[in-house]
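**Q** Have a look at this prediction, sequence included:
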Amino acid sequence: MIRIRKASERGHFNHGWLNTYHTFSFAEYHDPAQMGFRSLRVMNEDRVAPGRGFGAHSHRDMEIVSYVLEGALEHRDSMGNGSVLRPGEFQRMSAGTGVTHSEFNPSQSELVHFYQIWLLPRETGIEPSYEQRPFLDEEKRGRLRLVASPDGADGSLTIQQDAKIYLATLADGQSLNQDFAPGRHAWLQVLRGKVNVNEATLDTSDGLAASNEPRLSITANGPAELMLFDLA
């Protein structure tokens, strides 16, 4: 079964400094029919103005991953981490027993466009931790590159959930297939471009939930970038 979540149907708020879209219920946006998918709880697409950002705030018992499409995102947290996330880099923070962090756009002239994604952890009360690493364009070109997994396989970041996250970039007309074991579920988020997935067509920022689908066949209609989740 496939269900499409169109970009235009998401929750949307423009606060001036922050232009944000919520795939699932979040903050002021609440839709009982859109409370997440499997362990995937938050899928926010944000654009933050130059020199602005999210001040120090706290989380606990959540796996938080971030991926920048344009610009740069400066991260600081109570674990002592301080870094700048740029396009092509993937970030994972396990909030666990509690962590305070801030995310800012360090540029004074360019906005930052990024996704922040939350997944429920497989267990609560774990020790907070943080990882960040780049994944080069050639690693993602024409293939699904594993960027997060429960065991850190293939140089991926380690996520505290039975979930795998992949990134891929496709040229016009390029195709790939991904098989899913029985009982697994998939979420596909189109980051850029347009793709055909099985019988469906998805545009930029559209999402697709798939259950009881043994395979997703993806073909790009023009250059495209996507993020794919394999979920329990």
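**A** Received, thanks. Because the structure is predicted, anything quoted here is derived from the model rather than measured. Numbers count the residues shown, from 1 in each chain.

**Q** Tell me where this protein has helices.
**A** Per DSSP state H, the chain carries helices over the ranges 137-140.

**Q** Pop the domain breakdown of it in here.
**A** 10-134, 137-231 (automatic domain parsing).

**Q** For my notes, please list those in a markdown table and give mean pLDDT and distance to residue 3 for each entry.
**A** C-beta coordinates here come from the backbone N, C-alpha and C atoms, glycine included. Output for these, formatted as a markdown table (pLDDT from 0 to 100; distance: least, CB to CB, whole Å):
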| stretch | mean pLDDT | distance to residue 3 |
| --- | --- | --- |
| domain 10-134 | 96 | 9 |
| domain 137-231 | 97 | 5 |
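
**Q** Quick one: closest of these to residue 4.
**A** domain 137-231 (5.5 Å; CB to CB).

**Q** Just give me how far that closest one sits from the chain centre.
**A** 11 Å (CA atoms, centre = their mean, to the nearest Å).

**Q** same question, stretch 102-118
**A** 14 Å.

**Q** Count the residues that sit near the nearest residue to residue 97 once chain neighbours are set aside.
**A** Setting aside the residues directly before and after it, residue 97 is nearest to residue 125 in space (CB to CB, 6 or more residues apart in numbering), at 5.7 Å. Counted by other CB atoms under 10 Å, the residues lying close to residue 125 total 10.

**Q** Surely residue 125 is in contact with residue 95?
**A** No: with contact defined as CB atoms under 8 Å, residue 125 does not count as touching residue 95 (10.8 Å).

**Q** May I see the domains of the chain organised as JSON lines, with distance to residue 2 added?
**A** Putting these into JSON lines (distance: least, CB to CB, whole Å) gives the following:
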{"stretch": "domain 10-134", "distance to residue 2": "12"}
{"stretch": "domain 137-231", "distance to residue 2": "5"}
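
**Q** Please identify the buried residues of stretch 217-232?
**A** Using 16 or more other CB atoms under 10 Å as the test for burial, stretch 217-232 gives 218, 219, 220, 224, 225, 226, 227, 228, 229, 230, 231.

**Q** let me redo that: stretch 151-168
**A** Buried residues in stretch 151-168 (16+ other CB under 10 Å): 156, 157, 159, 160, 161, 163, 164, 165, 166, 167, 168.

**Q** List the contacts of residue 151.
**A** By CB atoms under 8 Å, 6 or more residues apart in numbering, the residues touching residue 151 are residue 158.

**Q** Please tell me how far it sits from residue 164.
**A** 10 Å (CB to CB, to the nearest Å).

**Q** for residue 99, same thing?
**A** Applying CB to CB to residue 99 and residue 164 gives a distance of 23 Å.

**Q** Report the beta-bridge partners for the closest residue to residue 11 other than its chain neighbours.
**A** Distances taken as CB to CB, 6+ apart place residue 29 nearest to residue 11, at 3.0 Å, with adjacent residues excluded. Beta bridges link residue 29 to residue 26, judged by DSSP bridges.

**Q** which residues touch residue 29?
**A** 11, 13, 22.

**Q** which of these count as buried?
**A** Buried among those (16+ other CB under 10 Å): 11, 22.

**Q** Considering the contacts of residue 29, which is situated nearest to residue 85?
**A** Using CB to CB, the contacts of residue 29 come closest to residue 85 at residue 22, 20.4 Å.

**Q** which residues touch the residue nearest to the spatial centre of the chain?
**A** For the chain, the residue sitting closest to the mean C-alpha position, by CA atoms, centre = their mean, is residue 117 at 4.6 Å. Contact partners of residue 117, counting by CB under 8 Å, 6+ apart, are 40, 42, 43, 44, 64, 65, 66, 67.
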